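J.: give me a model of this one.
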Amino acid sequence: MNINDPEAVKSLLEQLRSSEAWREVAASASENTSCIVTRIPDIHPELLAPTELGGSVASLLSQLKAPTPVSPPAPAPVPLTRDVIPNTAEPSSASQLSSQPSRRPISQVQNVKDNRSCTFQQALPLLAQFGDDAGLIDALLKMKNEQDELERRLSTDRFAIQKGYEEKVKIAKIKAAIIGTVLSKHEAEKIADSFKKDLYRFDHEKVLPMWEGLIARQQTELADFSIPAMFVSNEKNDRQACKLETLPHSRLVSP
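T.: Below is the predicted model of the structure:
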């Protein structure tokens, strides 16, 4: 067919309008409201240029060969929303405190069944409570006075032993001077050895037993007041510590 022949083109268009394919396309276009079909106007060959007529026929033929697909309705636009970000932040300090078991104070006075086994942290609040006990304060003053008196008496007795040996050395020197000699080395060493033995005997046979008796009395009285860690002990390590480390009378013990 010559597309430049107006009569032939008009005849072809009339055939297309009366064809079954055209009716199907027109029916589908009327059912689909979203698809707008433009009515093909009557073509007057005398008004159209040959190039424009050829382009319209070619476009019409392509539509007949491949029916225009009905586009599905566009989905409803989804409103833009801010992405929900899961809250991964750590809980506040208040929620942490509520979820964690509450810490008990350092002092657990109510759980201490025996004050002898108190730890340092447990003993502090107990000692703070005793600060207002007038009876305990009077007892402590009495114990302190008794201890001071014992220390003075033991120191006086020990000094008396030292004074006695100083007199012996003085007498020995006078005797040596009378016979025109000096105190011999042997005599001086003999007096020094005797002095050391007497001091050792005094410290271990008098000072330490009396001091241990004083400590036992003090610990007994303090235990009656429920003072933490105060009790009479017969353990060797405790006794040794009392003798040589914690007691002020240790300066009286000869090395």
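
J.: which residues of the protein fall in helices?
T.: 6-17, 20-31, 50-65, 93-99, 120-130, 134-178, 185-202, 208-224, 236-244 (DSSP state H).

J.: show me what the longest one is packed against.
T.: The contact analysis (3 or more CB pairs under 8 Å, 6 or more residues apart in numbering; DSSP states H and E) places helix 134-178 against helix 185-202, helix 208-224. C-beta coordinates here come from the backbone N, C-alpha and C atoms, glycine included.

J.: among the ones you listed, which comes closest to Asp148?
T.: Closest approach to Asp148 among the helices and strands packed on helix 134-178 (CB to CB): helix 208-224, 10.8 Å.

J.: tell me which residues in that closest one are buried?
T.: 208, 211, 214-215, 218-219, 221-223 (16 or more other CB atoms under 10 Å).

J.: same question, stretch 135-153
T.: Within stretch 135-153, the residues that count as buried by 16+ other CB under 10 Å are 136, 139-140, 147, 150-151.

J.: for the record, mean pLDDT for that stretch?
T.: Averaged over stretch 135-153, pLDDT sits at 92.

J.: domain-wise, how is the chain divided?
T.: In terms of domains, the chain is parsed into 6-65, 118-252 (source: automatic domain parsing).

J.: comparing those, which yields the minimum mean pLDDT?
T.: domain 6-65 (a mean of 60).

J.: just to revisit the earlier point, redo the helices of the chain as TSV? Include distance to Met230.
T.: Formatted as TSV, the helices of the chain follow (distance: least, CB to CB, whole Å):
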stretch	distance to Met230
helix 6-17	122
helix 20-31	106
helix 50-65	113
helix 93-99	38
helix 120-130	10
helix 134-178	11
helix 185-202	29
helix 208-224	4
helix 236-244	12
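
J.: hey, which of those helices is tucked in deepest?
T.: Of all the helices of the chain, helix 208-224 has the most neighbours on average by mean count of other CB atoms under 10 Å, namely a mean of 16.

J.: quick one, that helix and helix 185-202 angle?
T.: 20 degrees (axes from the mean of the first three to the mean of the last three CA atoms, to 10 degrees).

J.: and the gap between Leu127 and Leu140?
T.: To Leu140, Leu127 is 12 Å away according to CB to CB, to the nearest Å.

J.: and Ile178, by the same measure?
T.: Counting by CB to CB - Ile178 and Leu140 are separated by 57 Å.

J.: got the phi and psi for the residue nearest to Ala229 when sequence neighbours are not counted?
T.: The shortest distance from Ala229 to any non-neighbouring residue, by CB to CB, 6 or more residues apart in numbering, is to Cys118 (5.7 Å). For Cys118, the backbone dihedrals (degrees, to the nearest 10) come out as phi -60, psi 140.

J.: right, and Cys118 touches Pro228 too?
T.: Yes - contact criterion CB atoms under 8 Å: Cys118 and Pro228 qualify, at 3.8 Å.

J.: any idea how far Lys142 is from Leu13?
T.: 137 Å.

J.: ah, wrong one, I meant Leu150
T.: 142 Å.

J.: same thing with Ile191?
T.: Ile191 sits 157 Å away from Leu13, going by CB to CB.

J.: repeat that for Ser155.
T.: Distance from Ser155 to Leu13, by CB to CB: 144 Å.

J.: same check, this time on Asp5
T.: Asp5 is 12 Å from Leu13, by CB to CB.

J.: before we move on, what about Lys190?
T.: 158 Å.

J.: also Phe202?
T.: 148 Å.

J.: what's the answer for Asp203, then?
T.: Taking CB to CB, one finds Asp203 at 143 Å from Leu13.
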